[in-house]
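# I'd like to go over a predicted model; first the sequence, then the structure.
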Amino acid sequence: MNVLSIITIVAIAVAISIAQLAKFWRRIVIMDYQKGVLYKNGKFERLLEAGKHRIWMRSRTLSVFDLRARVLTVPGQEILSVDNVSLKVSAAFQYRIENPEVMTRSALSVEALIYLEVQLAMRDLFSVLPVEEIITQRDKLSVGLKERMASRLPALGLALDAGGIKDIMFPGPVRQMFSQVVEARKAAQASLEKARGESATLRHLANAARMLENNPALVTLKTLQTVSEGKHTLVMGLPQTVIPVSQPGTSKEGGSESSKIE
């Protein structure tokens, strides 16, 4: 075997070795809204920030996570209030991955775990209250649910941006009952306002009557004002006195004759 053959064999072997080694080099581009988690032999090694990376992938594993906001909607969950009224409560949350390393170690399915946490939190908040308090304290319950989830998500490597109760649905008879209560309340309020108006009017009339009684000149001024407006018909005059007068004498018919002078 000559030298040229040996060189050719060596070159081929080197090329094959380089090709084999090149399989383990990997070029990775991490976007601004992403973050990579690199493991070596099953152990966490480091986080990859946004940019270009060249990684020796032998015995290494890379996971890339999207850090943009995500939305989790929990549809109507049937909950029994403390006064045994069945209702359905739905919620929605906006969250994002804050620590990918913690998230990969915290749960196999993060969304399923969040879903379960929301269900348990809603049952704890709603099942201890009667229906009337649930309606009147809806905003407070929504804030309480958000605060509870905000305290639980960091343990999963997540951060809560927004969320709360989306809707509370009641059975038909309960909705009808509350509708009747609202209508009765509005009718009572309208009657109260009407009574207040009538009472105020009567007070004004009573005050005006006392003023006219104590100040006769005001009657004349009011009369003159009415005449000056020209919008009313005013009849003025003095009452006539009827005075009967009897005169002596005999009528042609033999009876007494009388006359009345008015």
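That came through, no problem.

# contacting residues around the helix or strand hosting Phe65?
Per DSSP states H and E, Phe65 falls inside strand 60-66. Outside of strand 60-66, the residues within contact range by C-beta atoms under 8 Å, 6 or more residues apart in numbering are 26, 28, 30, 33-40, 42, 45, 48, 55, 97, 100, 103-104. (Each C-beta comes from the backbone N, C-alpha and C, glycine too.)

# do that again at 7 Å, thanks
With contacts defined as C-beta atoms under 7 Å, 6 or more residues apart in numbering, strand 60-66 is touched by 28, 30, 33-40, 55, 97, 100, 104.

# and the spatially closest residue to Glu45 that is not a sequence neighbour, what are its bridge partners?
Take Glu45 and drop its neighbours on the chain: the residue closest to it by C-beta to C-beta, 6 or more residues apart in numbering is Leu38, 4.7 Å away. Beta-bridge pairing for Leu38 (DSSP bridges): Arg46, Leu62.

# list the contacts for Leu38?
By C-beta under 7 Å, 6+ apart, the neighbours of Leu38 are Glu45, Arg46, Leu48, Ile55, Arg60, Leu62.

# Ala162 now?
Neighbouring residues of Ala162 by C-beta under 7 Å, 6+ apart: Gln94.

# strands of the stretch 101-250 of the chain, start to end?
158-169, 243-250 (DSSP state E, counting those that start in this stretch).

# for the last one, give the mean pLDDT please.
It refers to strand 243-250. Mean pLDDT, computed over strand 243-250, is 45.

# and if you look at stretch 5-19?
On average, stretch 5-19 scores 69.

# check stretch 151-170 too.
Per-residue scores along stretch 151-170 average to 91.

# for that stretch, C-alpha coordinates in CSV please.
Extracted in CSV, the C-alpha atoms of stretch 151-170 (Å, rounded to 0.1, in the frame of the first residue of the first chain):
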residue,chain,number,x,y,z
SER,A,151,-50.1,33.0,45.8
ARG,A,152,-50.2,29.5,44.4
LEU,A,153,-48.7,30.0,40.9
PRO,A,154,-45.2,31.1,41.9
ALA,A,155,-44.6,27.6,43.3
LEU,A,156,-45.2,26.3,39.7
GLY,A,157,-42.8,28.8,38.1
LEU,A,158,-45.7,30.9,36.9
ALA,A,159,-46.9,34.5,37.4
LEU,A,160,-50.6,35.7,37.4
ASP,A,161,-51.3,38.8,35.4
ALA,A,162,-55.1,39.0,35.6
GLY,A,163,-58.1,36.8,36.4
GLY,A,164,-61.2,36.3,38.5
ILE,A,165,-64.8,35.2,38.3
LYS,A,166,-66.2,35.3,34.8
ASP,A,167,-69.9,34.5,35.4
ILE,A,168,-72.2,33.1,38.1
MET,A,169,-75.2,31.1,36.8
PHE,A,170,-78.3,30.3,38.9
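
# can you find the helix or strand in the chain with the smallest mean pLDDT?
strand 256-261 (a mean of 40; mean pLDDT, DSSP states H and E).

# remind me which residues of the chain are low pLDDT?
Applying pLDDT under 70 to the chain picks out residues 1-4, 6, 9-10, 14, 17-24, 172-185, 212, 216-262.
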